[in-house]
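Mind looking at a prediction? Sequence and model below.
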Amino acid sequence: MTLKTFPFLTIIPLFFLFACQEAPKKKKTVQPQKVAAKDTISVDSVTTSEEKEEDSFELTDDNAVNFFYKYNKTLTENKVRLTTRFGTITIQLFDNVPYHKANFIYLTKKGYFDNTMFHRVVKGFIIQGGNADNKETGIKRSKIGRYVLPPDAHKGHRHDRGIVSMPSSEIDNPHMLASPYEFFIVVTKPGSYHLDGDYTPFGKVIDGMDVVDKINAQPVGDGDWPMQNIYILKAEVVK
């Protein structure tokens with residue numbers, strides 16, 4: 001099973017490779033998109049280096065798991081609310097998927113998801129968010145770091161409708177390591193169970209599935225990119 005990330009339009013043409021389509025008859029199935037190059041976005045290297053703080057902490061493949069293991073132990077919250085122009089979506093995160101839960105809360109508290117988009121909408125299947133084709137998002141990623149997370153797909157959570165799950169990175173990734181910056185929400189009724197075992201469900205929508213459905217109903221163009229940008233105006237941790 002493969003999965004792909006959204007195309008970065010004209011910024012990163014490589015993201016157009018292997019675009020998913022649903023095949024109704026043969027056993028081909030639509031899947032979330034992979035994220036190329038460890039979820040990085042091409043930005044001007046001079047601008048990025050100028051924006052970085054000299055002594056800022058950066059996550060890497062070497063330190064991410066240990067960092068999130070410790071960070072998770074400090075957490076008392078397990079809910080995140082996303083605000084869009086269609087309304088709000090409240091997500092409850094699963095405690096038994098600690099790295100992915102901690103990652104999502106960490107990125108939320110860092111303000112990463114603010115002004116990113118639901119950049120891929122597949123009718124009756126998923127909405128995928130956490131990226132954007134702007135320099136601001138690339139700079140945020142550059143400051144936070146480049147890393148992937150180990151999959152954690154066997155904790156008893158299936159890809160039911162409303163499940164929030166994490167796509168995997170595409171480049172040199174035979175073990176389906178998870179893309180930390182993106183997520184998708186399952187729209188399918190009752191679920192998209194062909195994804196079970198390959199991707200990591202780490203939360204579920206507990207309020208706002210009507211908003212998810214409104215987003216899923218928006219017109220899309222090439223690569224399932226919405227015809228009008230659907231921004232995550234704000235992401236915040238809630239009690």
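Good, I have the coordinates.

Can you list the low-confidence ranges for this protein?
Applying pLDDT under 70 to the chain flags the ranges 1-31, 33-55, 169-176.

So which elements touch the longest helix seen in it?
Identified as the longest helix of the chain according to DSSP state H is helix 98-109. Contact partners of helix 98-109 among helices and strands, from 3 or more Cβ pairs under 8 Å, 6 or more residues apart in numbering; DSSP states H and E: helix 64-73, strand 79-84, strand 87-93, strand 200-207, strand 234-238. Heads up, the C-betas are built off the backbone N, CA and C, glycines and all.

Quick one: work out the angle between it and helix 64-73.
80 degrees (axes from the mean of the first three to the mean of the last three Cα atoms, to 10 degrees).

so helix 98-109 versus strand 79-84, what angle?
50 degrees.

helix or strand right after helix 98-109?
Under the assignment DSSP states H and E, the closest C-terminal helix or strand after helix 98-109 is strand 116-122.

Wait, residue 32 touches residue 130, no?
No. The criterion here is Cβ atoms under 8 Å, and residue 32 misses it with residue 130 at 11.2 Å.

Tell me the buried residues in stretch 119-131?
119-122, 125-131 (16 or more other Cβ atoms under 10 Å).

Output it as CSV, restricted to C-alpha atoms.
The C-alpha coordinates for stretch 119-131 follow below in CSV (Å, rounded to 0.1, in the frame of the first residue of the first chain):
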residue,chain,number,x,y,z
HIS,A,119,-4.7,21.1,1.0
ARG,A,120,-6.2,17.8,-0.3
VAL,A,121,-9.8,16.8,-0.4
VAL,A,122,-10.9,13.4,-1.8
LYS,A,123,-14.6,13.2,-2.1
GLY,A,124,-16.1,10.6,0.3
PHE,A,125,-12.7,9.6,1.5
ILE,A,126,-10.5,12.1,3.4
ILE,A,127,-9.5,15.6,4.0
GLN,A,128,-5.7,16.1,4.4
GLY,A,129,-4.2,19.0,6.2
GLY,A,130,-1.1,20.5,7.7
ASN,A,131,0.7,22.0,4.7
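
What's the separation between the most centrally placed residue in the chain and residue 232?
Nearest residue to the geometric centre of the chain (Cα atoms, centre = their mean): residue 182, 1.6 Å. For residue 182, the distance to residue 232 equals 12 Å [Cβ to Cβ, to the nearest Å].

hey, what's in contact with both of those two?
129-130 (Cβ atoms under 8 Å, 6 or more residues apart in numbering).

and residue 239, what does it touch?
77, 79.

make it 7 Å
Contacts of residue 239 were listed using Cβ atoms under 7 Å, 6 or more residues apart in numbering, and they are residue 77.

sorry, back to before: the helices and strands packed on helix 98-109 into CSV, with extra columns for mean neighbour count and distance to residue 158?
Converted to CSV, these look like this (neighbours: other Cβ atoms under 10 Å; distance: least, Cβ to Cβ, whole Å):
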stretch, mean neighbour count, distance to residue 158
helix 64-73, 15, 23
strand 79-84, 20, 21
strand 87-93, 19, 16
strand 200-207, 21, 7
strand 234-238, 17, 25
